[in-house]
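J.: Prediction below, plus the sequence it came from.
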Amino acid sequence: MSQRPTNLYKYLPPERAASVLGKLLIRFSQVSVMNDIEEFKPPISGIATETVFEEKFRDRAEALYPGLWELIQRQGPEYMAKLRKQAEQNLPQTIRTVYEMNDRNFGILSLSEDATSCDMWERYADQGRGLLVEFDPAHSWFWQKSSEDDDLRHLRRVTYVADRTPAYLLAITGQDYLYTKETKWEYEREWRIILNFNSAALNFGKDPKGTDVLLFAIPPDCLTSVTLGYNASQELVEQVRATIAANLSLSQVRLKAAKRREDGSIEFGEIETGASARGTRESRVLPLKIVILGWGSLIWDPRGLPREGSWQEGGPIFPIEFSRVSNDCRLTLVIDPVNGAQVMTRYIQSPRADLDDSIADLKEREGTGSKQIGFVNLRNGRNRCIVPPPLVPVIQQWGAKHGVDGVIWTDLRSNFDDETGDPFTVERARDYLRGLPKSAADRARRYINNAPPEVDTPLRRAMQEARWLLSGSNLVPMKGR
């Protein structure tokens with residue numbers, strides 16, 4: 001394994017400061033948009049030697065179907081030679097397919113050991129107008145590999161070679177294919193981490209080449225310093241200074257300035273922030289834009305919940321169902337990853353500029369504890385959510401698209417099993433509602449009836465088809481009628 005680097009840096013143009021430092025999101029690039037057109041294109045001499053091809057084919061055949069290899073052997077050596085010839089004929093298409101699959105599924109974050117490269121300041125930081133972000137390479141974010149032979153999900157040093165000798169496709173290693181470049185790029189002293197796009201936090205849209213810009217969430221504690229370029233504008237200096245000061249999770253980040261000497265070399269110096277700026281970081285925190293998500297009675301009965309404006313459609317999509325038994329016997333709407341239907345939530349802005357204050361407001365309205373209020377802070381990545389992690393990236397992606405800094409919601413789980421003694425099913429829930437006394441049934445009926453029409457769940461449809469709900473109002477249109 002390569003020795004871990006002490007420091008790693010990312011050169012950035014000035015327009016990337018808002019995303020990387022303000023939103024803590026960074027692009028992992030497809031191989032097709034990298035500046036080296038030879039990336040992931042090692043010279044290939046053939047599919048494999050005869051012996052290796054037979055070994056690989058045998059292993060694959062036995063893994064697919066026990067006894068398949070024995071059946072192939074019975075066809076004689078001519079049959080294996082024919083298969084190898086076909087593989088050689090298909091080699092150009094195979095190489096293209098492998099390249100396109102990697103380009104479609106995996107992104108590269110390229111970092112450098114060198115903070116003072118004039119070439120990289122000019123090429124990647126807009127001729128010194130941009131910035132240099134320093135990462136802590138010991139942070140766990142850089143070491144996520146799933147096994148000892150995992151070629152992805154952890155930092156790897158790029159190897160530079162003068163001549164890439166052609167090799168058989170089946171003999172190429174991950175280091176050869178993913179982490180080897182020609183010596184003309186050696187000045188970059190690159191380390192890289194490659195991640196699957198499935199774990200991206202946000203698809204920002206298309207770049208000028210028409211390629212998806214996929215952004216990944218950066219843990220704030222893996223950032224250690226930011227250096228402003230030697231040609232950085234005062235506007236960028238103030239923007240970066242304010243962004244760092246506004247985010248307590250970046251309190252460890254040192255702010256520096258690069259200076260280019262007459263001989264062309266680069267030197268760094270600390271930017272004076274002043275005792276007052278350091279000592280009053282709390283008072284200088286920029287206000288958060290916070291929204292509250294709703295899908296149930298919060299929408300039609302907010303009571304005293306502080307809020308601004310009206311409820312808007314188009315919130316993030318959650319798995320929702322009427323699967324929580326309330327104190328007054330109603331079945332209420334909750335996030336239910338097992339039984340829930342995919343429902344587009346609604347949202348409304350909180351008048352508060354502090355996440356804790358917004359949580360306190362919602363907690364009071366719901367008559368519950370703070371732990372039952374979910375949240376995502378898009379500035380520092382902190383979150384609380386009872387549903388497994390896949391829900392958090394959904395909220396992060398939605399929040400980033402809508403320009404919000406914090407999202408909160410009522411985070412209660414289904415308790416149908418606990419309250420009735422049986423796991424939730426539509427049939428059991430239907431029987432539960434039908435067995436309620438009249439006063440409780442009326443309350444339960446009004447609750448389901450008042451839910452927004454987009455709350456189209458299996459239980460709601462079943463009760464509507466059974467003519468148990470009230471007519472009109474927010475009922476879901478019946479399909480096929």
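T.: Nice, I can see it.

J.: quick one: contacts for Phe135?
T.: Counting by Cβ atoms under 8 Å, 6 or more residues apart in numbering, Phe135 touches Asn7, Leu8, Tyr9, Lys10, Leu111, Phe142, Cys222, Leu223, Thr224. Using the backbone N, CA and C atoms, a C-beta is placed for each residue, glycine as well.

J.: Quick check: the fifth one is in a strand.
T.: In this case it means Leu111. Yes. Assigned with DSSP: H, G, I helix; E, B strand; the rest coil, Leu111 falls within a strand.

J.: Report how many residues lie close to it.
T.: Here the number of neighbours of Leu111 (other Cβ atoms under 10 Å) works out to 22.

J.: Among the contacts of Phe135, which one sits closest to Arg434?
T.: Cys222 (55.0 Å; Cβ to Cβ).

J.: mind checking how far the closest one is from Gln3?
T.: With distances taken as Cβ to Cβ, to the nearest Å, Cys222 is found 19 Å from Gln3.

J.: neighbour count winner among those two?
T.: Taking neighbours as other Cβ under 10 Å, Cys222 and Gln3 compare with Cys222 leading, 17 against 6.

J.: shouldn't the more buried one be in contact with Asp136?
T.: Yes. If you go by Cβ atoms under 8 Å, Cys222 and Asp136 touch, sitting 5.0 Å apart.

J.: Identify the residues contacting the residue lying closest to Glu454 once chain neighbours are set aside.
T.: Among residues not flanking Glu454 along the chain, Met344 sits closest, at 5.5 Å (Cβ to Cβ, 6 or more residues apart in numbering). Neighbouring residues of Met344 by Cβ under 8 Å, 6+ apart: Glu313, Gly314, Gly315, Pro316, Ile317, Glu454.

J.: Could you rerun that using 10 Å?
T.: Shown in contact with Met344 (Cβ atoms under 10 Å, 6 or more residues apart in numbering): Trp295, Glu313, Gly314, Gly315, Pro316, Ile317, Phe318, Ile320, Pro452, Glu454, Val455, Asp456.

J.: Tell me the buried residues in the helix or strand encompassing it?
T.: Assigned by DSSP states H and E, Met344 belongs to strand 341-349. Within strand 341-349, the residues that count as buried by 16 or more other Cβ atoms under 10 Å are Ala341, Val343, Met344, Thr345, Arg346, Tyr347, Ile348, Gln349.

J.: Tell me the helix or strand right after it.
T.: Next along the chain after strand 341-349, taking DSSP H and E as the criterion, comes helix 355-366.

J.: Packing partners of that next one?
T.: strand 290-294, helix 297-300, strand 373-377, strand 406-410 (3 or more Cβ pairs under 10 Å, 6 or more residues apart in numbering; DSSP states H and E).

J.: about what we covered before: looking at the contacts of Phe135, spot the one nearest Leu378.
T.: Of all these, Leu378 sits closest to Leu223, with 15.8 Å by Cβ to Cβ.

J.: so where's this structure shaky on pLDDT?
T.: Where the chain drops to pLDDT under 70, the residues are 1-2, 270, 272-287, 388-389, 471-481.

J.: State which strand of it is the longest.
T.: strand 308-325 (DSSP state E).

J.: Name the strands paired with it and say parallel or antiparallel.
T.: Taking DSSP bridges as the criterion, strand 308-325 forms sheet pairs with strand 331-335 (antiparallel), strand 341-349 (antiparallel).

J.: OK, contacts around the most far-flung residue of the chain relative to its centre?
T.: Distance from the C-alpha centroid of the chain, by Cα atoms, centre = their mean, peaks at Gly76 (51.1 Å). Counting by Cβ under 10 Å, 6+ apart, Gly76 touches Lys82.
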